[in-house]
Structures are given as C-alpha cells and as structure tokens.
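**Student:** Quick one, structure for this:
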Amino acid sequence: MTETEVALAPHPLLLPDGRPAAEAWSLDPALLHLNHGSFGAVPLVAQQRQAELRAEMERAPVVWFPELPDRLAATRADLARFLRVDAGDLALVPNASAGASVVYDALERRAGGEIVVTDHGYGAVTMGAERLARRWGGRVRTARVPLGADEEEAYEAVVAELGEATDLVVVDQITSATARRLPVERIGAEARRRGVPMLVDGAHAPGLLAAPLAGATYDFWTGNLHKWGCAPRGTAALVARGPLRDRLCPLIDSWGAAEPYPVRFDHQGTLDATSYLAAPTSLAFVEDTWGWSAARRHMDRLADHAAHVIGAAVTRLTGEDSRAGVGMPVPGMRLVRLPDGLGRSRIEADALRDRAARELAVEAAFTSFDGIGYLRVSAHVYNTPADYEHFAERCVPVLADWAREYGR
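**Tutor:** Just a heads-up that it's a prediction; the model follows:
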C-alpha cells in the first residue's frame, strides 16, 4: 500500500475504555470476519441480555407467557423509534423472508394475476412469489436491471413490466447479491398510482439507512434487525400501511388471532421471543458507544477502503478489471469482481464461501450476478482496515490460484 492509501484508511473504532471495538463481540479471533451482511454479529451485551431473558422465562413460564404480549408491544415501540415509523404499523417477524411470506399469505387470489420481481431479488423471497403465482394460476414477470443501471434506468426497467394483470410488485431496497439500491420510492409511487400493492424487501436496510421508510408510499416493507442492527438472530420488522394491512396475520394462529394488526403478532404461544426483547439492547449499544450516524460513516469509508485494496490486488495479479460498476451503491457494502472463472453461479459462489472458510479461515460473502462472480464486502464497526489488507495480501493470491485451477 502507498503512504496515501494508508493515510486515507479510516482509523479503527475503539470502545470507551480504549479496547478494539471487536472485543465487544464474541467473534472467533482465529477467523477473519468480512461478511457481516449475511448473518450479522451480536454484541456481548445483547447476548447477555437475551440469556437473562431466557433465564427469566425458564424460572416462571406460567408468569412469562401471559405477560409477554405487553412486553413485545413495548419492544415494538422501541424498534419503531429506531426505524422512524409508527409503532402501530410495525409487527415483529423472525426475518424478512417471513415478512414476505405473511404478505403472500394475505393477498386475495385473482385468477391469472401477475407478480413483478427483479433479477436482483433475494432467492427465498422470489421463490415465495413464484409459489403464490402458481396458486393464482398466474406468473412472475422478472424485470431485468443491469448492475450499472442508474436510478432512472432501474425505475424504467421495473415499470416496463407493470400491466393490467399486475397484482403485486416485489422489489429489494438494498439487493443482497449485488449490494445496490433500487429506487423503491419512485417505483412505489407509480405502483400506488396504478392501484398495485407493493412489497419492499428491506432486509439490509435497518442500520445501513437512517430512515429506510422515509417518504415511502408502498404497502408493505420488511427488514432484518439482526443484520446491520446487530440484534439477536430471528429479529425483523414488518411495516404495513394502507387498507391491506388488516389482512396480515401471523403464519401460525394463536390466541391473539382476533386482535387487530399488529397486536395479533404479539401473541405467538410458546415462541421464544427473547431475540425480539433483546434487540433494543443491540441498537442502544451502537448508539451509546459511537452513535449510529458515526457508525454508518465509518462502515462506508471502511467499505471504500476494502474495495480499493482488494480490487487493486486482484487487478495486479490477474490483469483483469476488478471494478463492479454498481449503478446505485449503498453504504457499508461493495462489490469486487472475482478473477474470471470463480463464482459464476449461486451454487459456485456458495461453494467458494465454504472453501474460503475451511482453507483460508475467512468468513466472506461470494455472490453471482449475470454469470459473473463477485466478492461482496461488508464492513461493520468491529472491522478494521487491516482485515481487508490481510485479505488482499494473503487471500487474493489464493483466489487467483483457484481461478487457474478451475480453468484447467
């Protein structure tokens, strides 16, 4: 690295007592953790809070479960403030895919109805849309959005698929495989004008975006708090507005089924809801330690540094252009094009992820789009420039060797 590159790298974040930020997590120091975006990482204070809640539950379950709906209602209010939405619009669900399934289950069947998705959609959510279309006797229409499409091009690509038979639009706010934004605000406004319901998959938005639903006109939004928000896993929000929200019900009926939305979601029998109750602890930890605005700025600068040093290493070794050319980039995540021959499909990318964990001791995200493999860089507050510099120096040469191996 040049002296200029070193100078531009963000300083690692520290805890108030001067220790590295990573010491607030229980992540294995023998592994390099570069994939926060997939499953998140829970700080120790939130793990401890969840353990306390579980112990309380087990000490007196007959007291715990009747009181649980009121505690969940209070938690929803805390999470709604973080997302800057009305608590009366927010229900708790295990993950964004579950939120999408709730929406799919609620929509009335219309013979021949069409569902519009994009080719950047998360696989599980798109498969759910396909299953719904089969029940309707309809079909899914896929909007093809080039990776480098700007806001106008992406908007036009999605709107071009809308028609008289469209009964639902499903669009990612931040795409998982391609780490880009889609113009959900503009698409939502056009869908509303046409009277078409819209579901926004905001799985990556909480924590990365300060106010992911600001100015929104869509009917349904679902996002994970256990990714960038660092909440215990199994914590997500479903936000619904408009006349269709009263149709939304939990996927499992319980004694609260007759309650209005979203209260009916607070009644889920013997579900272990401690992940929900501990989620505000994670959010407060980041806010109290660094502030979410400062944390987002740090993650974005760190992602820039990561993409630069890793991309430069790929180009030096292979002579290939490692730039991804993402049209609407997002904070905290970047794409670096892999050496030719690596990760050309989702199956190949997943296999590469597993091999990197086994042989390189690296937790990294490898993705595929349009037959091209990418490293999806994620950065969180516990990451440091040295993490990515290590990957560039030690791991990129091995990736280049693997590409030659696969090319033989």
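
**Student:** Might one say that G242 is in contact with T217?
**Tutor:** No - using CB atoms under 8 Å, G242 makes no contact with T217, being 9.0 Å away. For every residue, glycine as well, the C-beta is placed using N, CA and C.

**Student:** neighbour count winner among these two?
**Tutor:** T217 (17 against 14; other CB atoms under 10 Å).

**Student:** hang on, isn't that one packed against R192?
**Tutor:** Yes - the pair formed by T217 and R192 meets the contact definition of CB under 8 Å, at 4.8 Å.

**Student:** quick one: low-confidence parts of the chain?
**Tutor:** Regions of the chain meeting the criterion pLDDT under 70 cover residues 1-7, 407-408.

**Student:** my read is P331 is in a strand, agree?
**Tutor:** No - applying DSSP: H, G, I helix; E, B strand; the rest coil, one finds P331 to be coil, outside a strand.

**Student:** How about the contacts made by it?
**Tutor:** Applying CB atoms under 8 Å, 6 or more residues apart in numbering to P331 gives the contacts 208-209, 296, 299-300, 303.

**Student:** Spatially nearest residue to it, not counting backbone neighbours?
**Tutor:** D300 (4.1 Å; CB to CB, 6 or more residues apart in numbering).

**Student:** doesn't M333 make contact with the one you found?
**Tutor:** No - taking contacts as CB under 8 Å, D300 lies outside contact range of M333: 9.1 Å.

**Student:** joint contacts of those two?
**Tutor:** Joint contacts of D300 and M333 (CB under 8 Å, 6+ apart) are A379.

**Student:** what about the two, which has more around it?
**Tutor:** M333 (28 against 19).

**Student:** Please name the bridge partners of the more buried one.
**Tutor:** S378 (DSSP bridges).

**Student:** Could you check how far H11 is from L302?
**Tutor:** According to CB to CB, to the nearest Å, H11 and L302 sit 10 Å apart.

**Student:** neighbour-wise, which of these two wins?
**Tutor:** Set side by side, H11 and L302 show more neighbours around L302, with 26 against 9, by other CB under 10 Å.

**Student:** Could you tell me which residues make contact with the more buried one?
**Tutor:** L302 neighbours (CB under 8 Å, 6+ apart): 10, 379, 383-385, 388.

**Student:** how does it look with 7 Å?
**Tutor:** Residues in contact with L302 (CB atoms under 7 Å, 6 or more residues apart in numbering) are 10, 379, 383, 385.

**Student:** Could you do A279 as well?
**Tutor:** Contacts of A279 (CB under 7 Å, 6+ apart): 75, 79, 225, 231-232, 235.

**Student:** Please convert these to JSON lines, extending it with neighbour count, secondary structure and distance to F39.
**Tutor:** Shown next, in JSON lines, are those (neighbours: other CB atoms under 10 Å; DSSP: H, G, I helix; E, B strand; the rest coil; distance: CB to CB, whole Å):
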{"residue": "T75", "neighbour count": "20", "secondary structure": "helix", "distance to F39": "21"}
{"residue": "L79", "neighbour count": "23", "secondary structure": "helix", "distance to F39": "19"}
{"residue": "L225", "neighbour count": "29", "secondary structure": "coil", "distance to F39": "13"}
{"residue": "A231", "neighbour count": "29", "secondary structure": "coil", "distance to F39": "12"}
{"residue": "P232", "neighbour count": "23", "secondary structure": "coil", "distance to F39": "11"}
{"residue": "T235", "neighbour count": "30", "secondary structure": "coil", "distance to F39": "12"}
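
**Student:** for these, which one is nearest G256?
**Tutor:** T75 (15.4 Å; CB to CB).

**Student:** Apart from its neighbours in sequence, what residue is nearest the residue most central in space within the chain?
**Tutor:** Residue closest to the average C-alpha location in the chain (CA atoms, centre = their mean): H204, at 2.4 Å. Closest residue in space to H204, ignoring its immediate chain neighbours: I174 at 4.0 Å, by CB to CB, 6+ apart.
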